[in-house]
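A.B. asks: mind looking at a prediction? Sequence and model below.
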Amino acid sequence: MSGATETLYSVIRRQGITRRSFHKFCSLTAASLGLGSLAASTIADALETKPRVPVIWLHGLECTCCSESFIRSAHPLIKDTLLSMISLDYDDTIMAAAGEQAEAILEEARAKYKGKYVLAVEGNPPLKQGGMFCIDGGKPFVEKLRSMAEESMAIIAWGTCASWGCVQAAKPNPTGAAPIDQVIKNKPIIKVPGCPPIAEVMSGLVTFITTFGKLPELDRQGRPKMFYSERIHDKCYRRSHFDAGQFVEEWDDECARKGYCLYKMGCKGPTTYNACSALRWNGGVSFPIQSGHGCLSCSEDGFWDKGSFYDRLTTIKQFGIEKNADQIGMAAAGVVGLTVAAHAAVTAVKRLTNKPDRTARPIKRN
């Protein structure tokens with residue numbers, strides 16, 4: 001078991017990393033979290049003085065895509081996160097131990113770091129038939145989840161499986177698969193949805209908790225605001241084409257070759273909150289929309305049950321300012337004309353209503 005009492009700084013110095021490289025690492029980490037250059041000194045101080053955060057990583061019903069994404073983090077590198085920043089004491093997917101030895105390590109970590117460890121959960125528990133659809137260590141995963149959550153400091157729900165249920169919880173859901181917050185009610189849960197989440201979002205969250213010793217600010221759905229406060233649509237490089245009314249009509253048509261907006265092809269970017277268009281994937285190389293495919297909205301609740309991935313959203317309105325400038329101008333003139341006509345009609349009605357009746361006989365006064 002690795003020592004969670006050590007600081008990150010002491011670990012990396014022992015590995016031969018210079019102080020100059022350490023401060024460069026802190027600057028890059030601050031930038032990747034959007035905290036600015038002044039936060040680099042705060043990160044450096046925290047990593048020099050605070051002990052590493054012990055983490056226990058469990059796997060329920062899932063495909064391991066969250067782990068696959070996590071190990072591809074570029075800022076910070078996953079080797080720095082796993083070997084220096086945190087003390088990953090249990091992860092049955094990447095640890096060398098197996099079977100009884102692995103279960104012994106889990107119980108030892110639970111007792112040693114009681115109330116101090118972060119429980120990272122990838123996947124979700126099935127609840128029907130006593131949870132027998134997912135057996136881990138000889139017992140239902142839901143029992144293991146409850147047991148480990150009881151002594152944890154906080155829980156990270158990695159991916160859409162743990163956050164919302166994902167495909168396992170899609171209708172008709174024969175196993176009763178459920179998101180983590182339907183099972184654990186008495187612990188803070190940080191939801192990091194995505195199928196999978198972006199690698200830098202995952203490592204960035206771990207870095208924030210390690211640096212500041214607290215959980216980040218969450219939105220009303222329990223997601224970190226630093227990564228889930230904006231829609232993909234807000235920073236999409238195709239947004240100008242959306243505003244201009246320039247859309248791909250068919251796959252591989254001329255508009256597709258020109259990089260026009262994929263909204264009509266079912267892109268869910270206007271309703272999806274994630275950092276894909278800002279951070280992108282594979283070290284910032286690309287993201288699905290840049291690769292020519294619309295957003296599937298994989299980080300939103302129930303995305304499997306909301307119809308075809310290629311159905312166009314019907315509630316989104318665009319400006320269309322360049323599709324036909326003459327028509328837009330005529331429409332604006334028509335609105336102005338209608339407004340003037342309506343105003344004239346209302347004025348005429350008021351005049352008729354207030355006009356004195358000249359045919360009425362005058363009242364005789366004595």
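C.D. replies: That came in fine, so what should we check first?

A.B. asks: what's the helix or strand where E200 lies in contact with?
C.D. replies: Applying DSSP states H and E as the criterion places E200 in helix 199-212. Applying C-beta atoms under 8 Å, 6 or more residues apart in numbering, the contact partners of helix 199-212 are 8, 29, 32-33, 42-43, 46-47, 50, 52-53, 55, 66, 69-76, 78, 81, 85-86, 118, 154, 156, 158, 190, 192, 194, 215-216, 224, 226-227, 275, 279, 281. Every residue, glycine included, has its C-beta placed from N, CA and C.

A.B. asks: now stretch 310-317
C.D. replies: Y263, K264, M265, G266, K268, P270, T271, G294.

A.B. asks: which of those tops the neighbour count?
C.D. replies: When neighbours are counted by other C-beta atoms under 10 Å, K268 leads the contacts of stretch 310-317 with 25 neighbours.

A.B. asks: what separates that residue from V55, distance-wise?
C.D. replies: 32 Å (C-beta to C-beta, to the nearest Å).

A.B. asks: coming back round to it: next, the buried residues of the helix holding E200.
C.D. replies: Within helix 199-212, the residues that count as buried by 16 or more other C-beta atoms under 10 Å are 199-211.

A.B. asks: max pairwise distance over those: which two?
C.D. replies: Longest distance between any two of the buried residues of helix 199-212 is 18.2 Å, between A199 and T211; criterion C-beta to C-beta.

A.B. asks: where do the strands sit along the stretch 101-250 of the chain?
C.D. replies: Ranges of strands in the stretch 101-250 of the chain, per DSSP state E, counting those that start in this stretch, are 118-122, 135-136, 139-140, 154-158, 189-192.

A.B. asks: can you redo these as a markdown table with mean pLDDT and distance to F309?
C.D. replies: Listed next are the strands of the stretch 101-250 of the chain as a markdown table, based on pLDDT from 0 to 100; distance: least, C-beta to C-beta, whole Å:
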| stretch | mean pLDDT | distance to F309 |
| --- | --- | --- |
| strand 118-122 | 95 | 23 |
| strand 135-136 | 92 | 32 |
| strand 139-140 | 94 | 33 |
| strand 154-158 | 96 | 23 |
| strand 189-192 | 97 | 22 |
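
A.B. asks: out of these, which one sits most buried?
C.D. replies: A comparison of the strands of the stretch 101-250 of the chain by mean neighbour count, using mean count of other C-beta atoms under 10 Å, puts strand 118-122 on top with a mean of 27.

A.B. asks: sheet-wise, list the partners of that strand with their directions.
C.D. replies: Strand pairing for strand 118-122, determined by DSSP bridges: strand 53-59 (parallel), strand 154-158 (parallel).

A.B. asks: adding distance to K317, write those strands out as TSV.
C.D. replies: Shown next, in TSV, are the strands paired with strand 118-122 (distance: least, C-beta to C-beta, whole Å):
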stretch	distance to K317
strand 53-59	43
strand 154-158	34
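
A.B. asks: correct me if wrong: Y113 contacts R52.
C.D. replies: No. If you go by C-beta atoms under 8 Å, Y113 and R52 don't touch, sitting 10.8 Å apart.

A.B. asks: low-confidence ranges, this protein, go.
C.D. replies: Residue ranges of the chain with pLDDT under 70: 1-6, 8-9, 11-12, 15, 32, 37, 75-85, 318-366.

A.B. asks: contacts only, for the closest residue in space to C195 that isn't next to it in sequence.
C.D. replies: In this structure, C195 finds its nearest non-sequential neighbour in C298, 3.9 Å apart by C-beta to C-beta, 6 or more residues apart in numbering. By C-beta under 8 Å, 6+ apart, the contact list for C298 reads T160, P193, G194, C195.

A.B. asks: just the helices in the stretch 51-200 of the chain please.
C.D. replies: 65-70, 78-80, 99-112, 141-150, 159-163, 199-212 (DSSP state H, counting those that start in this stretch).

A.B. asks: which among those is found nearest to V183?
C.D. replies: So among the helices of the stretch 51-200 of the chain, helix 141-150 is nearest, using C-beta to C-beta, at 6.2 Å.

A.B. asks: now the angle from that closest one to strand 118-122?
C.D. replies: Angle between the axes of helix 141-150 and strand 118-122 is 160 degrees (criterion: axes from the mean of the first three to the mean of the last three C-alpha atoms, to 10 degrees).

A.B. asks: which residues touch helix 141-150?
C.D. replies: So helix 141-150 is contacted by 56, 58, 60-61, 106, 110, 119, 121, 123, 125-127, 131, 134-137, 155, 180, 183-184, 187 (C-beta under 8 Å, 6+ apart).

A.B. asks: buried only: go through these for me.
C.D. replies: Buried among the contacts of helix 141-150 (16+ other C-beta under 10 Å): 56, 58, 60-61, 106, 110, 119, 121, 123, 125-127, 131, 134, 136, 155, 180, 183-184.

A.B. asks: about what we covered before: tabulate the buried residues of helix 199-212 (a markdown table), appending distance to T18.
C.D. replies: A markdown table is the format used below for the buried residues of helix 199-212 (distance: C-beta to C-beta, whole Å):
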| residue | distance to T18 |
| --- | --- |
| A199 | 26 |
| E200 | 24 |
| V201 | 29 |
| M202 | 27 |
| S203 | 22 |
| G204 | 24 |
| L205 | 27 |
| V206 | 23 |
| T207 | 20 |
| F208 | 25 |
| I209 | 26 |
| T210 | 21 |
| T211 | 20 |
